[in-house]
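Asker: Based on what follows, work out the 3D shape:
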Amino acid sequence: MGFFLSLFCIIQTFSYSVRVNLDADNTSLTGYGEYTLISALDLDYFGRAFLPVLPAKRLQILLPYDAELKSIKTEGSDPCFVGYVPLPLPALVQAPLGMRQEVFMRTDPSVYDGFEKYPASILQNSHFGNQAGFKILSVLLVPYSWYPQTGELTMHENVTITVEYDRTSATQNLTPLAFEIHKKIISGIVCNPEMLHQWSPSVRDGNFDYLIIAPSSYLATAAIDSLVSHKSSRGLVCDTASKEMISSSVSGSDLPEKIRNYIIQRHQTDGITFVLLVGDKNLLQPREIFLNCRDTNGVYYDDSAPVDLYFADLDGDWNFNSDNRYGQPDDSLDLYADVFVGRLVVSSISQLSVNVEKICQYETDPPQGQWRTRSLLAGAVLFENQYYTITGEAVCESIADHLPSNWHHVKMYETLYGNSPEGAIDSVNEGVAWTQ
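Answerer: The predicted structure is shown next:
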């Protein structure tokens, strides 16, 4: 005789609002021939191919740990006049680095010759994610409007985002260690960190903090014993699991899925916070995500790339549409790391020993010197042949903002200013504590 278990959750609907204050005086209009680039201080660029490039504001909002998103609404203040822009610079099709193509401007007539303001709404994109039980809503706002018939450019200097969500009484628990680490990270990225004390997941005790996954022959080495001893001396409760054990006893369509399912199990039952994968792609198979690429001759081809975030983001399965092309936009990706995953990319036990020795020395008795407070931040141009710059500079600058204030940053940005990226290897050899 079987039994039937029925679970009921009390669902309540709530709303939460965030106000964004901007300044139209920070807008800049720069001419490029017959076109005008619209930019603004501290705002990113937003543009789809052949449509106007406009400044945009990205925002991350913390919501309750048990929130289920219902709706997002935006409301702008009365628009203020910024200037006349007969032809805003259109976004180009992004092309691979090294692809030599003639730069030409193409505009979408449905917008440039249309009668409606562009864009139609302030909210252009959103993503609702889960980082270890902390719920984060990301939004992309375009507070500007361009009127093609008159060339008027206006801006909402104040934008209110109102989020409606249900609270399901679902539970989410983190170990004290994981809670403090994730809380610190999230406090630096959301616009409402003051809500962390109300909307954080609860805390529970765990059995293990640090999990090492490796081939069985590697787990049996003195190097792994030394690493476990070292991490234990730093207060982490460690455990190991062999690739062979996971492959034979854990469900999954292939080894990467079995490893991920095992990490999910250990995270839920034991509170694992850190995972170390030992081995290169031949020893410990990564998840290869599908890529549709284009070479410098403009020919499209299918490719793949290894992504260990697959083992850290434990929500969903990265193959939502079941086409076995992992990591695609239609796979309902969360992309927030629930555990912290690292990999020792080694192909022999001797390489493993060298890596472990360096880790232990660095974490216990690192050499003295200026390198300990120096970072290397290298940002390359990501797309060529565009009048507005898309580079890694923004990411590098955000990292600099979160590093200690007494650090010296060696900035190598592939732009009109800063150091040449060609000196990156020399800077590493001189010694840096952080490299991006």
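Asker: Hmm, residue 55 is touching residue 40, no?
Answerer: Yes - assessed by CB atoms under 8 Å, residue 55 is found in contact with residue 40 at 3.8 Å. C-beta here means a position set from N, CA and C on the backbone, and glycine is covered the same way.
Asker: Now do the shared contacts for these two.
Answerer: Common neighbours of residue 55 and residue 40, counting by CB atoms under 8 Å, 6 or more residues apart in numbering, are residue 27.
Asker: what is the mean pLDDT for stretch 378-398?
Answerer: Mean pLDDT, stretch 378-398: 70.
Asker: distance between the ends of it?
Answerer: 12 Å (CA to CA, to the nearest Å).
Asker: And for stretch 316-328?
Answerer: 12 Å.
Asker: Check which residues of it are buried.
Answerer: Buried residues in stretch 316-328, counted by 16 or more other CB atoms under 10 Å: 317-319, 325-328.
Asker: Same list, those, but as TSV with secondary structure, distance to residue 35 and pLDDT please.
Answerer: Shown next, in TSV, are the buried residues of stretch 316-328 (DSSP: H, G, I helix; E, B strand; the rest coil; distance: CB to CB, whole Å; pLDDT from 0 to 100):
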residue	secondary structure	distance to residue 35	pLDDT
317	coil	44	93
318	coil	40	94
319	coil	42	92
325	coil	37	90
326	coil	39	91
327	coil	35	89
328	coil	34	88
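Asker: Go through those and name the one nearest residue 407.
Answerer: residue 327 (33.7 Å; CB to CB).
Asker: wait, that closest one sits on residue 290?
Answerer: Yes - if you go by CB under 8 Å, residue 327 and residue 290 touch, sitting 6.5 Å apart.
Asker: Show me the shaky parts of this protein.
Answerer: 1-11, 94-105, 294-298, 382-390, 415-421 (pLDDT under 70).
Asker: Now do stretch 340-353: everything it contacts.
Answerer: With CB under 8 Å, 6+ apart, stretch 340-353 has contacts from 181, 217-218, 221-224, 273-280, 282-284, 286, 308-309, 311-312, 355-356.
Asker: Return the subset of the residues you listed lying in strands.
Answerer: Of the positions in the contacts of stretch 340-353, 274-278 sit in strands, assigned by DSSP state E.
Asker: tally of neighbours for residue 345?
Answerer: 14 (other CB atoms under 10 Å).
Asker: Also the one 10 residues further on?
Answerer: When neighbours are counted by other CB under 10 Å, residue 355 registers 16.
Asker: Also residue 22?
Answerer: 23.
Asker: Quick check: it touching residue 159?
Answerer: Yes - using CB under 8 Å, residue 22 is in contact with residue 159, at 7.3 Å.
Asker: Show me the common contact partners of these two, please.
Answerer: By CB under 8 Å, 6+ apart, the residues touching both residue 22 and residue 159 are 57, 143.
Asker: which one among the buried residues of stretch 316-328 gets closest to residue 408?
Answerer: residue 327 (36.7 Å).
Asker: That closest one: what's it in contact with?
Answerer: 287, 289-290, 307, 310, 318, 333.
Asker: can you check residue 38 too?
Answerer: So residue 38 contacts 27-29, 52-55, 85, 88-89, 144, 146, 153 (CB under 8 Å, 6+ apart).
Asker: SS state for it?
Answerer: strand (DSSP: H, G, I helix; E, B strand; the rest coil).
Asker: thinking again about what came up before, name only those of the ones in strands among the contacts of stretch 340-353 that count as buried.
Answerer: Buried among the ones in strands among the contacts of stretch 340-353 by 16+ other CB under 10 Å: 274-278.
Asker: Make CSV from those and add distance to residue 409 to it.
Answerer: Shown next, in CSV, are these (distance: CB to CB, whole Å):
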residue, distance to residue 409
274, 27
275, 30
276, 28
277, 30
278, 32
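Asker: Residue 128: what's it in contact with?
Answerer: 69, 135-138.
Asker: any idea which element it lies in?
Answerer: In this structure, residue 128 sits in strand 123-131 according to DSSP states H and E.
Asker: same question, residue 197
Answerer: Using DSSP H and E, residue 197 sits within helix 196-199.
Asker: Show me what that helix is packed against.
Answerer: strand 54-63, helix 176-187 (3 or more CB pairs under 8 Å, 6 or more residues apart in numbering; DSSP states H and E).
Asker: which stretch among those comes nearest residue 120?
Answerer: Nearest of these (CB to CB): strand 54-63, 12.5 Å.
Asker: what's the spacing between that closest one and its chain's center?
Answerer: 14 Å (CA atoms, centre = their mean, to the nearest Å).
Asker: Output the helix or strand following it as PDB, restricted to C-alpha atoms.
Answerer: Note on strand 54-63: by DSSP H and E, the next helix or strand toward the C-terminus is strand 67-76. C-alpha atoms of strand 67-76 as PDB (Å, rounded to 0.1, in the frame of the first residue of the first chain):
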ATOM      1  CA  ALA A  67      10.400  35.300  -3.400                       C
ATOM      2  CA  GLU A  68       8.800  34.200  -6.600                       C
ATOM      3  CA  LEU A  69       8.800  37.000  -9.200                       C
ATOM      4  CA  LYS A  70       5.400  38.100 -10.600                       C
ATOM      5  CA  SER A  71       5.900  41.400 -12.400                       C
ATOM      6  CA  ILE A  72       8.300  44.300 -12.900                       C
ATOM      7  CA  LYS A  73       7.000  47.800 -13.600                       C
ATOM      8  CA  THR A  74       8.900  51.000 -14.200                       C
ATOM      9  CA  GLU A  75       7.700  54.600 -14.000                       C
ATOM     10  CA  GLY A  76       9.700  57.600 -15.100                       C
END
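Asker: what angle do strand 67-76 and strand 123-131 make?
Answerer: 150 degrees (axes from the mean of the first three to the mean of the last three CA atoms, to 10 degrees).
Asker: just the strands in the stretch 251-400 of the chain please.
Answerer: 274-278, 288-294, 300-306, 340-344, 374-379 (DSSP state E, counting those that start in this stretch).
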